[in-house]
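J.: Need coordinates for the following:
(2 chains)
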There are 2 protein chains.
Amino acid sequence: MRAGDEEISVSSTSGSRPTSKDAVINLDHGDPTMYESFWKRMGHRGDITIAGWQGISYFSDVTNLCWFLEPEFDHEIRRLHRLVGNAVADGHFVVVGTGSTQLFQAALYALSPPDTPHPLSVVSAAPYYSSYPAVTDYLRSGLYRWAGDASAFKGNIYIELVCSPNNPDGSIREAVLKSENGTIIHDLAYYWPQYTPITHAEDHDIMLFTVSKTTGHAGSRLGWALVKDKEVAKRMIKFVELNSIGVSKDSQFRAAKILKAISDGYELPNPKNKYKLFDFGHLLMSVRWKRLREAVKVSGIFSLPEFQSSYCTFTGKRTETYPAFAWLKCEKEGVEDCENFLRSHKILSRNGKHFGAARKFVRISMLERDETFELFIERLSSLT
Amino acid sequence: MRAGDEEISVSSTSGSRPTSKDAVINLDHGDPTMYESFWKRMGHRGDITIAGWQGISYFSDVTNLCWFLEPEFDHEIRRLHRLVGNAVADGHFVVVGTGSTQLFQAALYALSPPDTPHPLSVVSAAPYYSSYPAVTDYLRSGLYRWAGDASAFKGNIYIELVCSPNNPDGSIREAVLKSENGTIIHDLAYYWPQYTPITHAEDHDIMLFTVSKTTGHAGSRLGWALVKDKEVAKRMIKFVELNSIGVSKDSQFRAAKILKAISDGYELPNPKNKYKLFDFGHLLMSVRWKRLREAVKVSGIFSLPEFQSSYCTFTGKRTETYPAFAWLKCEKEGVEDCENFLRSHKILSRNGKHFGAARKFVRISMLERDETFELFIERLSSLT
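T.: Predicted structure coming up:
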């Protein structure tokens, strides 16, 4: 593993609220704590009680190829995709995982020939999600290995990771490589209406999702894959079996209730509009991006990506893109390392180098609690 | 991966109750459904309600080395070990995992030199747990690889897995290899009073436990490791971070409540003795083993391991060993493959070959629901 990857680590301020005006503001991780206030507002609609005797068995549904997938969770996943229209779930197998991180590895395992003499190359166009290299390489697998920026890749056998909207920069992406022998994993963690207009239902061979970025429940460690090919799904399931003998039922019970509460919020009569997660998320993200762009303008030393608006089939309106992360570039003369510069002002961010990009860039989480975000805006505005 | 490992698979009868007198009886897995009746008897003492807004963040406690470990779960783990006296938790770090399966891999990762030119050999004395080879080798890691039976191993650099009481045969074990350069992982999943007398508190460098075999909650996919060395604990934590960015909080919230209910059953006034998990488990296992030994005697074509009784420091009595699995040997002339023989009588078991042993042996789960176990005894008694 390269040294750089090791530097992303949990510090004493991760996940916590700043305690004073001059406290450290930690925006290194994409911790989706901004969703707490929505779920508090929901009252008991998202609560779940699990009896002591429930969910004891390893098995959830042996009539399903994915025998550790809880039927209610499967049902609510399909219902939510139909409601939002962001992905085609019909005709796909649902494979549940301990976060989409586990499913990413399951997909690498499923797509790598088991008898390969050389590890298969895993690539993604820079800037790519900072965890891809380390998660691909930490076990030094003989099946696959990280081969860097897809745009610089030579060869026609590979796995290309396409994250869209992209982590870290929010861009809408398609595969950059074209080869019949190449395979693609689509990471659609952020293809939800609070972050980006839903322009069509994605319909790829392997599509990864996670509750962390859909509903905010990162602590549940729960993701799902929509997989077209039965043999690929079977190998992904085998991976999860070998890696962790299935996935927490408790998280699945709870997530089924959480997804149900979201769909109910749109599909059941609800005149006050109070319980609509995507509306909540979209409004909050729009306000935050407005505040961020203003702060960047005031300081005059940063730049941000610009996005075009599109017609969103879910909202029925033309909407803007409000990514879960801000891909901030420091334009200040003499500053080569934006992360260091921000850290000197007690703002923790993730260095562009981890994403295969220049150190002038950092990734900033836009998903923290209000008070953390407000303090960040205040501090950013004061930088010169 | 060897072909044999692939044969252990989930069938349409896994985890289900037999539907008729001549139904298939599936005892291939160690599905601990016998615990359901205990938790039903507990009423609401094991229930938990989780609010929609709880546990959203990735982070549980950043003041703890294991930042994704819930403090209540940590507390109840240490309390339970003090109560039972089976392992020394004080002075050890608690690392939580998605089942002990994930922690086993975390330990392999932690104990393997990151810069090793050749994979480190992983060994265990036969008969060893059937998942060890496949879980070690499925990613063809450059860090470690399965090297088979510890008793046949030549070399002095290795990781030895010591499972005690042993899965599949219930024997009490120590490491068979002795080398200063060797390391040991102690898998203590079954070192609990329902299965074996507690003779002393184990105090090893890495000790693995799982709620599946402690309380029955296999569906929660939750395990913990007690780890003496800080650097080893750190690398195990790094593995869980890369493998799944932590462990389900929902499972940890719930398991904390479940472990608390068990300890409360012993430590709070409770004149009726109704809520003592280890008493329940020990009584049920003793009855089952008596019934099994009788059935084996009646049929006359099998044999079982014999165990010596010992003084149990937890119960304060001399107690027998009642393993979670029966390691059954078919002594019938002309039968070379016990699994096939039993399958012809619609009993599914796990072949001795998966454990590095002869096909005359099978492993039988002793942890299924009463009706399944009773039907098994009836059918076994009728075999000739």
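J.: quick one: the helices in the stretch 201-350 of chain A?
T.: Secondary structure of the stretch 201-350 of chain A (DSSP state H, counting those that start in this stretch): helices at A:211-214, A:230-244, A:249-267, A:277-299, A:338-343.
J.: Throw these into TSV and include mean pLDDT, thanks.
T.: What follows is the helices of the stretch 201-350 of chain A, written out as TSV (pLDDT from 0 to 100):
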stretch	mean pLDDT
helix A:211-214	98
helix A:230-244	98
helix A:249-267	97
helix A:277-299	97
helix A:338-343	98
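J.: Nearest to residue A:63, out of these?
T.: Closest approach to residue A:63 among those (CB to CB): helix A:230-244, 13.9 Å. Glycine gets a C-beta too; all of them are placed from N, C-alpha and C.
J.: show me where pLDDT drops low in chain A?
T.: A:1-8, A:273 (pLDDT under 70).
J.: tell me the centre residue of it?
T.: The geometric centre of chain A, computed from its C-alpha atoms, lies nearest to residue A:189 (CA atoms, centre = their mean), at 3.8 Å.
J.: For it, give me its contacts.
T.: A:100, A:163, A:167, A:208, A:209, A:210, A:212, A:213 (CB atoms under 8 Å, 6 or more residues apart in numbering or on different chains).
J.: Export the helices of the stretch 201-350 of chain A as JSON lines, with columns for distance to chain B and mean neighbour count.
T.: Compiled in JSON lines, the helices of the stretch 201-350 of chain A are given as follows (distance: least, CB to the nearest CB, whole Å; neighbours: other CB atoms under 10 Å in any protein chain shown):
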{"stretch": "helix A:211-214", "distance to chain B": "8", "mean neighbour count": "27"}
{"stretch": "helix A:230-244", "distance to chain B": "4", "mean neighbour count": "21"}
{"stretch": "helix A:249-267", "distance to chain B": "4", "mean neighbour count": "23"}
{"stretch": "helix A:277-299", "distance to chain B": "11", "mean neighbour count": "18"}
{"stretch": "helix A:338-343", "distance to chain B": "18", "mean neighbour count": "21"}
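J.: Would you format those as a markdown table with distance to residue B:182 included?
T.: Supplementary listing: those in a markdown table, determined by distance: least, CB to CB, whole Å:
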| stretch | distance to residue B:182 |
| --- | --- |
| helix A:211-214 | 40 |
| helix A:230-244 | 25 |
| helix A:249-267 | 37 |
| helix A:277-299 | 53 |
| helix A:338-343 | 42 |
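J.: With residue B:298 as the reference, name the closest of those helices.
T.: Proximity to residue B:298 (CB to CB) singles out helix A:230-244 among the helices of the stretch 201-350 of chain A, at 36.6 Å.
J.: which residues sit against that closest one?
T.: Outside helix A:230-244, the residues that touch it by CB under 8 Å, 6+ apart are A:65-68, A:93, A:95-98, A:102-103, A:105-107, A:109-111, A:205-206, A:225, A:227, A:246-247, B:10, B:98-99, B:101-102, B:105, B:131, B:134-135, B:138, B:221, B:243-244.
J.: Identify those among these that sit within strands.
T.: By the criterion of DSSP state E, membership of these in strands covers A:93, A:95, A:96, A:97, A:206, A:225, A:227.
J.: of those residues, closest to chain B?
T.: Lowest distance from chain B to those (CB to the nearest CB) belongs to residue A:97, with 8.3 Å.
J.: Enumerate every residue touching the closest one.
T.: A:103, A:106, A:222, A:223, A:224, A:225, A:240, A:247.
J.: which residues does the fourth one bridge with?
T.: Going back to what we said before, that points to residue A:223. residue A:97, residue A:210 (DSSP bridges).
J.: looking at it, it is touching residue A:101, isn't it?
T.: Yes - using CB atoms under 8 Å, residue A:223 is in contact with residue A:101, at 7.4 Å.
J.: roughly how far apart are the residue lying closest to residue A:250 once chain neighbours are set aside and residue A:211?
T.: Excluding its sequence neighbours, the residue lying closest to residue A:250 (CB to CB, 6 or more residues apart in numbering or on different chains) is residue B:250, at 4.2 Å. Residue B:250 sits 11 Å away from residue A:211, going by CB to CB, to the nearest Å.
J.: Give the residues shared as contacts by those two.
T.: Going by CB under 8 Å, 6+ apart, residues that sit against residue B:250 and also against residue A:211 are residue A:220.
J.: ok, of the contacts of helix A:230-244, which come out buried?
T.: Of the members of the contacts of helix A:230-244, the ones counted as buried by neighbours, 16 or more other CB atoms under 10 Å in any protein chain shown, are A:65-68, A:93, A:95-98, A:102-103, A:105-107, A:109-111, A:205-206, A:225, A:227, A:246-247, B:10, B:98-99, B:101-102, B:105, B:131, B:134-135, B:138, B:221, B:243-244.
J.: what's the neighbour count on the closest residue to chain B within the stretch 51-200 of chain A?
T.: As assessed by CB to the nearest CB, chain B sits closest to residue A:52 within the stretch 51-200 of chain A, at 2.2 Å. Close neighbours of residue A:52, defined as other CB atoms under 10 Å in any protein chain shown, add up to 26.
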